[in-house]
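Asker: Take this sequence and fold it.
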Amino acid sequence: MRIDLWTKGKEASLGEILDAREKRVRIQKEFLKNGAPSQVSFTLNIPGPVKVFPFTQWLFELGDRLLVKAVEEEKGEVLDRRKNKANTGYEGFYSLSLPPGKVKEILTLAEEHHPLGRMFDFDVLDRQGRKISRQELGFDERKCLLCREPAFICSRSRRHSAGEVLAREIEMMESFYIERMSLFIGQIMEKSLLYEVNASLKPGLVDRIHNGAHRDMELLTFVDSAYALVPYFTLCARKGLEFSGKEEELPGMFEELRSLGKESEKIMRTAAKGANPHKGMIFSGGIFCFCAGYGAGSLKMDFQDEDFPKVLSRLCRCLTENLLEDYKKLDQVPPGTHGEKLYKEYGVRGIRGEAAEGYPHVLDKGISFFEKMLEEGYSLNKAGLLTLLQYIASIEDTNMMIRSDFDTVQKIQREMKSFLSTAGPEQQLEIIPALDAYFVKKNISPGGSADMLALTYFLYFLKRKRCPFEVFEIEGGMCHETFE
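Answerer: A predicted model of the protein is given here:
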């Protein structure tokens, strides 16, 4: 991570800090007038003159969501809520429907059990403005982050400097962020693989209805493979999050990813009983997870921002800028793979070319088309099928070429492009069974196009899933989405 960016902020003066304390008291008194059973003032325990920087901004929003979630789980209600985002430190003020003792109890438990809870400071007041203490509820004094002695003793004796405490807090925030964000990205990729294989009916591909043009794979083959690859995708994301170099240094990471991919392919084949359901996604999914991690860790990327696909595309180009060097060697060395043979004979660059260009079919076109279909009322399943047709008609799908031939695929794509340019979505969906029957008969499987669809689902889920840091869960299966 670029820790220098995550910890960069403006110092707050002593005068600003004193003014902020007075303002906090005024707001607390104002909130007391509404007569709610309890009030909460939420701040962060951040030593030193710099109170606001990206880590603390993120941490404050995490604490705010944690408080609201804890109240909702106790069937309580947030009656009023205000945030004061000043240079002296972010503050939250809340009027709650729950009794003050219960509020103090649940928030103290949050402080005690959350990995970053030691940095949360929840002051709970009753209707009269009396502050509820931890001790009257039977909780111990808060512990020092460095030596685990009572915090008030270390503070009073100045046993540790503000710099030492802050360094420890930054270390904790960085570790928590990397752990949760990498797992979040890895599980989003798994979810995307599951949505892709479940999208039905896909021409020539394995799905819920049939095995398409495949004899050695079925739906559960893909499910087992996707589950087995979660650690790999998580590790790729973690590598991206931990990488502290600049964009121009990204190409140096590609060989490490390639090595991880080779090891993960062995794991995939074992899980899939010798089959090869996700070889393409080990390549492309690993690149996407790494770049998503790097973008998040270097503050270059906000998954909810509309420019997110453009940033991801640029990072993919940077990471893979030397990817096509292998093709240059084919003048002296005979091609050893199907992909190299296609390049040698027809100039087909396949997925390598797609990656080197920053996945334009997905990041420039596919995700926009997919979201447009969703806006028009199509389900995740049908929007996925419509997007898949776009990929089949346009990308260099070497899987199709290997299972048929170059000229056949060119003919299919010409006819599909012509059809898609004039047919509406409903007509496109209606043609799928006939296209599937043709692909199955000719043993054609658009596996490369299916990979692009999985990446499209990945972008969609990554853009819409907020805050992976509170209670870390990903929705299981498809019961939380309008799939059909």
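Asker: so who does the residue positioned nearest the centre of the chain touch?
Answerer: Computing the C-alpha centroid of the chain and ranking residues by CA atoms, centre = their mean puts residue 185 first, at 3.8 Å. Applying CB atoms under 8 Å, 6 or more residues apart in numbering to residue 185 gives the contacts 233-234, 237, 289, 292-293, 296, 462. All C-beta atoms are positioned from the backbone trio N, CA, C, and that covers glycine.
Asker: ok, now residue 352?
Answerer: Going by CB under 8 Å, 6+ apart, residue 352 touches 320, 323-324, 326-327, 339.
Asker: neighbour-wise, which of the residues you listed leads?
Answerer: Within the contacts of residue 352, residue 320 tops the neighbour count with 24 neighbours, counted by other CB atoms under 10 Å.
Asker: before we move on, back to that, could you give the mean pLDDT of the host helix or strand of the residue nearest to the centre of the chain?
Answerer: Here residue 185 sits within helix 162-198, counting by DSSP states H and E. In this model, helix 162-198 has a mean pLDDT of 95.
Asker: Check stretch 354-364 too.
Answerer: Averaging pLDDT along stretch 354-364 yields 97.
Asker: try stretch 282-302
Answerer: Across stretch 282-302, the average pLDDT comes to 95.
Asker: CA atoms of that stretch as PDB?
Answerer: C-alpha atoms of stretch 282-302 as PDB (Å, rounded to 0.1, in the frame of the first residue of the first chain):
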ATOM      1  CA  ILE A 282      -6.900 -17.900 -13.700                       C
ATOM      2  CA  PHE A 283      -5.200 -15.600 -16.100                       C
ATOM      3  CA  SER A 284      -7.800 -12.800 -16.500                       C
ATOM      4  CA  GLY A 285      -9.300 -13.100 -13.000                       C
ATOM      5  CA  GLY A 286      -5.900 -12.900 -11.400                       C
ATOM      6  CA  ILE A 287      -5.100  -9.800 -13.300                       C
ATOM      7  CA  PHE A 288      -8.400  -8.100 -12.400                       C
ATOM      8  CA  CYS A 289      -8.000  -9.100  -8.700                       C
ATOM      9  CA  PHE A 290      -4.500  -7.800  -8.600                       C
ATOM     10  CA  CYS A 291      -5.300  -4.500 -10.300                       C
ATOM     11  CA  ALA A 292      -8.400  -4.000  -8.200                       C
ATOM     12  CA  GLY A 293      -6.300  -4.500  -5.100                       C
ATOM     13  CA  TYR A 294      -3.600  -2.200  -6.300                       C
ATOM     14  CA  GLY A 295      -6.100   0.500  -7.200                       C
ATOM     15  CA  ALA A 296      -7.800   0.300  -3.800                       C
ATOM     16  CA  GLY A 297      -4.400   0.300  -1.900                       C
ATOM     17  CA  SER A 298      -3.000   3.200  -3.800                       C
ATOM     18  CA  LEU A 299      -6.100   5.300  -3.600                       C
ATOM     19  CA  LYS A 300      -6.400   5.400  -7.400                       C
ATOM     20  CA  MET A 301      -9.700   3.600  -7.400                       C
ATOM     21  CA  ASP A 302     -13.200   3.900  -5.900                       C
END
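Asker: show me the contacts for the residue of the chain positioned farthest from its centre.
Answerer: What lies farthest from the middle of the chain is residue 128; by CA atoms, centre = their mean that is 44.2 Å. Neighbour list for residue 128: residue 32 [criterion: CB under 8 Å, 6+ apart].
Asker: what separates it from residue 100, distance-wise?
Answerer: Applying CB to CB, to the nearest Å, the value for residue 128 to residue 100 is 10 Å.
Asker: now do residue 175
Answerer: 33 Å.
Asker: Which one's more surrounded, these two?
Answerer: residue 100 (21 against 12).
Asker: any idea how far residue 108 is from that one?
Answerer: 12 Å.
Asker: Check residue 338 too.
Answerer: Distance of residue 338 to residue 108, given as CB to CB: 62 Å.
Asker: Counting neighbours, go ahead and name the busier of those two.
Answerer: residue 108 (22 against 14).
Asker: who touches the helix or strand encompassing that one?
Answerer: Element membership for residue 108 (DSSP H and E) is helix 100-113. The contact list for helix 100-113, computed with CB under 8 Å, 6+ apart, reads 37-38, 40, 66-67, 70-71, 73-74, 76, 96, 117-118, 120, 122, 124-127, 132, 134, 137, 139, 142.
Asker: could you redo the last one with a cut-off of 6 Å?
Answerer: The contact list for helix 100-113, computed with CB atoms under 6 Å, 6 or more residues apart in numbering, reads 38, 66, 70, 96, 117, 120, 122, 124, 126, 132, 134, 137, 139.
Asker: can you name the two of these that are farthest apart?
Answerer: Spanning the widest gap among those are 117 and 126, at 22.6 Å by CB to CB.
Asker: re the thing from before, in helices only, show me the contacts of residue 185.
Answerer: When DSSP state H is applied, the contacts of residue 185 are split such that 233-234, 237, 289, 292-293, 296, 462 fall in helices.
Asker: Serialize those to JSON lines and add fields for neighbour count and distance to residue 92.
Answerer: Formatted as JSON lines, the ones in helices among the contacts of residue 185 follow (neighbours: other CB atoms under 10 Å; distance: CB to CB, whole Å):
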{"residue": "233", "neighbour count": "30", "distance to residue 92": "35"}
{"residue": "234", "neighbour count": "22", "distance to residue 92": "32"}
{"residue": "237", "neighbour count": "30", "distance to residue 92": "30"}
{"residue": "289", "neighbour count": "28", "distance to residue 92": "33"}
{"residue": "292", "neighbour count": "31", "distance to residue 92": "29"}
{"residue": "293", "neighbour count": "29", "distance to residue 92": "29"}
{"residue": "296", "neighbour count": "23", "distance to residue 92": "24"}
{"residue": "462", "neighbour count": "24", "distance to residue 92": "27"}
